[in-house]
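Q: Fold the following for me, if possible:
(3 chains)
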Amino acid sequence: MFDELNPEQEAAVRHGDGPLLVVAGAGSGKTMTLAARVASLIERGTRPERILLLTFSRRGAREMLSRAERLTEKGDAGRVWGGTFHAVGNRLLRLHGRVLGLTPDFTVLDQADGADVMNLLRDELGYSSRERRFPRKDTLAAIYSRTVNAGERLVDVLKGHYPWCLDEAEGIVDIFRAYTERKRRQHVLDYDDLLLFWKALATSPATRAQLATMFDHVLVDEYQDTNALQADILEGMRPSDGPRNLTVVGDDAQAIYGFRAATVKNILEFPERFPGTTVIKLERNYRSTPPILAASNAVIALSPQRHEKTLWSSRESELLPVLRACLDEAEQSDAVCRTVLGHREEGVPLKAQAVLFRAAHHSDHLEVELARRNIPFVKYGGLKFMEGAHVKDALAFLRILENPFDEVSWFRVLQLLEGMGPASARRLMDDLEVRRIDDAEAASPLARFLEEPLAVPKAAAQGIRDIRTALGDCLDADALPPAGQLARLRTFLEPLIARKYDAAASRTRDLEQLELLASESASRGQFLADLTLDPPSSTGDLAGPPHLDEDYLILSTIHSAKGLEWDVVHVIHAADGMIPSDMSTGDDDEIEEERRLLYVALTRARDALHVTYPQRYYRRPRGLEDSHSYSQRSRFLPDEVLLHFEVVGPQVVPVPDVPEPVTAAADVDAFLAGLWAD
DNA sequence: CACGCTTATATTTTT
DNA sequence: TATAAGCGTG
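A: Numbering: from 1, shown residues only, chains lettered A, B, ... in the order given. Prediction:
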C-alpha cells in the first residue's frame, strides 16, 4: 500500500490517533492519500462501519471508497459511512432523530422548496402587496441560509451582504419565525436543518454520548469549503474520553464556496481549535506539467492572502499554456472546437478534455457550435433539471403521498387544474386541514381528500376526480414501486402539462427520465431523499448508461470541476466581468474568491491548458442593432502573469470599420434599377 | 376568482 | 432571458 506514496503522504496515511490536518495543494494526490488512510485504518483493525468519511459530493465519496476498497485485503471498505454532510445528517437523523422530536419519515426540502414555503408565508403575512418592495422568495431563502450556516446575527448578514434589505429586517424576522415553525409542524427539514439537527444531536446532553461513540475515526475532505456550522458538528462529534481522531484535508488556495457561508477560518484555525494537531503539507504536484504549474502559481501568488505553499512538479514538458484573445464569442467557440479536435487527432480522447467556465450559461454559445459540428458533450453544473416546473409538479404528487402535510406540494398540485387558482386551492387546503398540527387521532389530509366530498369550483371537478383516482392508485407503495407510481401519475399529468407550459415534448422526455431515475430507488421516500440530496448534476446522469461507451467532451462549471482533472483543459470567458463575475466584485473577499476560482480551473490541467477570452460581447439578441460592448482580459491575468503563457490572437481590439454608406446605397439603387429595366 | 396579457426586474457558483 | 407582479376581462 505504501509503495506509491511519498514520505509526506505516507505520514498522513500512517498517522495514528489525534487530530490531523493535511494541507494538500492542487494535484498532490489528496484523494489517493485519503483513500489509503481509510484502507490503512481498516487494515490496522478499525471496523469500517466505525469510520465516517465526509466528502463534498456523493461522487467524491464513491470514488474514494472504491479506491480504498481496492487497497484493503478484506475489501469491506463499502461499509464505511461515506457521503456529504447533508446526506450523512439525513441518515443519522432518520436513525436517532426521535430524541429531538423528529419522525423518521420527514421529507427534505431543497433550496427552491424552501423558497416556495417562504413565498407562501410572504403572501399570508401580507408582505407581497405593499407599497414598498419586499425581498423576493429566493432572496429570503438565501438570507436565511446564510444566516444559519454562518451562525451570524441576521442584522450582520443583512448589513454585510444584503444592505438593500435592511429596511425590511422586521418583516424578514417575521417570515423566518413562521418559516421555522411551519417546517417543524409539517415534518419537513431543509438543507440547513439537516446540519442544525445533527449539531443538536452531537451536542445535546441526551444524545451526544451516543453519537460520539458511533465512530472511531472521522475524515473530512475539502475542509476549506466547510462552514461554521459544519465545524461545530465536527467538534461536537468528539468522544468524551479518548483521542480526537479527526482528519481534515484541504487547501486554502482552493476555497470557492464563500457564497455558501464556507469559511477558510475553519482550516486556518484548525490547529488552535483542536490542540495537539499534527500538520502535514503535501506540496508535490503529480498532475500538471511545470509550465502549467508555473502559470497557476503566478496567478495565486498575486493574492494578498497568504497561501503558505509552493507546489512543485517533476514532470517533464516545456509546452507553455496558451492564452488566446478572440475577437468575439463566435471566434472563441470556433477556437475551442478546433483545439479540441486538434488534441483528439493527437490521440487525446474527448473524455480526457474539459471546457471550464464560471457560470452555467457561459457555455451556451459553445454548446450550439459543438452540436453543429457533431462533437458530443456532457455538461456538469447548473441545476436545470430539478428546476423545471413540470418536474416539480410530478414530484409534488409523490411528496403528498409521502407526507400529506406538505403544504407547498398541495398548493402546487391543486393549481395544476383548470379553474383552480391560489384562492380556491387555499380554501380546499383549509377544508382538508393540511396545516393542522398532526395528531394521530384525526384522518390525514390525504385520506380526507380521497374519501370525503369536497367543495371545488365546477370547472375543476373532473380534474379533482382524476387526481383522486391517480393518488389512490399510488397509495399502496408495496404494490407499486416509485417508478410505477410516476408512470401512473404521468398518464394524467401529461395533458395538464401540455396545457400549462410550452415545449411539451421535451418536458415529457424529462418525466420519462425521472421515471428512469426512480427505478433505481427502493422506496418512494428513498427516491425523494436521494433526489434532493444528490440531484442529477449533469445531462449525462440523466442520459443513462448507453452514453458511457461513447467518447464525449466534458463541459463544466469551475465549481463542479473541483477535485477533478483532465489531460487537456480549456478555460473560456477569462474576461473581466466573467472571472471575476460582475456579481461578485463587491468586496475584497469576494474578488479573492474569484481569483481562487481561476486558480482551481487552471490547476485541473495535466498536459495542456488553453485559456481564451472574447474581446467583444454582443448584447442579448433582443434588438436588431449590432450593439456590443468591449471587454478586458481578466484582472487576474495581468502582464506579469502573461510571461507564463504563449499569447496568441489580437491584443488590440480593431476599431470597427465605419461602412461606406454611399457604395451600399449605390448597389441597392443599381439592383432596383436592374429590376425595372426592360 | 381565474386567466391571459403587459410590464418591470434581477441576472453566479450548489448541498 | 425568465420570472413575478399588475391589470383588465369574463
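Q: Tell me which residues touch residue A:444, please.
A: A:404-405 (CB atoms under 8 Å, 6 or more residues apart in numbering). Glycine gets a C-beta too; all of them are placed from N, C-alpha and C.
Q: For it, give its distance to residue A:470.
A: 17 Å (CB to CB, to the nearest Å).
Q: Kindly report the same for residue A:452.
A: Residue A:452 sits 17 Å away from residue A:470, going by CB to CB.
Q: higher neighbour count, these two?
A: residue A:470 (17 against 10; other CB atoms under 10 Å).
Q: How about the contacts made by that one?
A: A:397, A:488-489, A:491-492.
Q: what helix or strand does it sit in?
A: If you go by DSSP states H and E, residue A:470 is part of helix A:461-474.
Q: list the buried ones in that helix?
A: Buried positions in helix A:461-474, judged by neighbour count with 16 or more other CB atoms under 10 Å: A:463-464, A:466-467, A:470-471, A:474.
Q: okay, these in a markdown table with distance to residue A:371 and pLDDT next?
A: What follows is the buried residues of helix A:461-474, written out as a markdown table (distance: CB to CB, whole Å; pLDDT from 0 to 100):
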| residue | distance to residue A:371 | pLDDT |
| --- | --- | --- |
| A:463 | 39 | 85 |
| A:464 | 43 | 87 |
| A:466 | 39 | 87 |
| A:467 | 39 | 88 |
| A:470 | 37 | 88 |
| A:471 | 40 | 89 |
| A:474 | 38 | 87 |
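Q: now those residues as a markdown table including distance to residue A:202?
A: A markdown table is the format used below for the buried residues of helix A:461-474 (distance: CB to CB, whole Å):
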| residue | distance to residue A:202 |
| --- | --- |
| A:463 | 47 |
| A:464 | 46 |
| A:466 | 47 |
| A:467 | 42 |
| A:470 | 42 |
| A:471 | 39 |
| A:474 | 37 |
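Q: Nearest to residue A:12 among these?
A: residue A:474 (50.3 Å; CB to CB).
Q: residue ranges with poor pLDDT in the stretch 401-550 of chain A?
A: A:437-441, A:537-549 (pLDDT under 70).
Q: and if we set it to 50?
A: Residue ranges of the stretch 401-550 of chain A with pLDDT under 50: A:540-547.
Q: how about the residues of it near DNA strand B?
A: Residues of the stretch 401-550 of chain A lying close to DNA strand B (CB under 7 Å from any atom of the strand) are A:415, A:418-425, A:427, A:457, A:459, A:533, A:535, A:537.
Q: Among the residues you listed, which lie within helices?
A: By the criterion of DSSP state H, membership of these in helices covers A:422-425, A:427, A:533.
Q: want to throw these into CSV with neighbour count?
A: Putting these into CSV (neighbours: other CB atoms under 10 Å) gives the following:
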residue, neighbour count
A:422, 12
A:423, 9
A:424, 18
A:425, 20
A:427, 15
A:533, 20
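Q: what would those residues look like in a markdown table with distance to residue A:65?
A: Shown next, in a markdown table, are these (distance: CB to CB, whole Å):
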| residue | distance to residue A:65 |
| --- | --- |
| A:422 | 47 |
| A:423 | 51 |
| A:424 | 50 |
| A:425 | 45 |
| A:427 | 51 |
| A:533 | 17 |
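Q: out of the residues you listed, who's nearest residue A:199?
A: Closest to residue A:199, out of all of these and judged by CB to CB, is residue A:533, at 17.6 Å.
Q: Against DNA strand C, how distant is that closest one?
A: For residue A:533, the distance to DNA strand C equals 23 Å [CB to the nearest atom of the strand, to the nearest Å].
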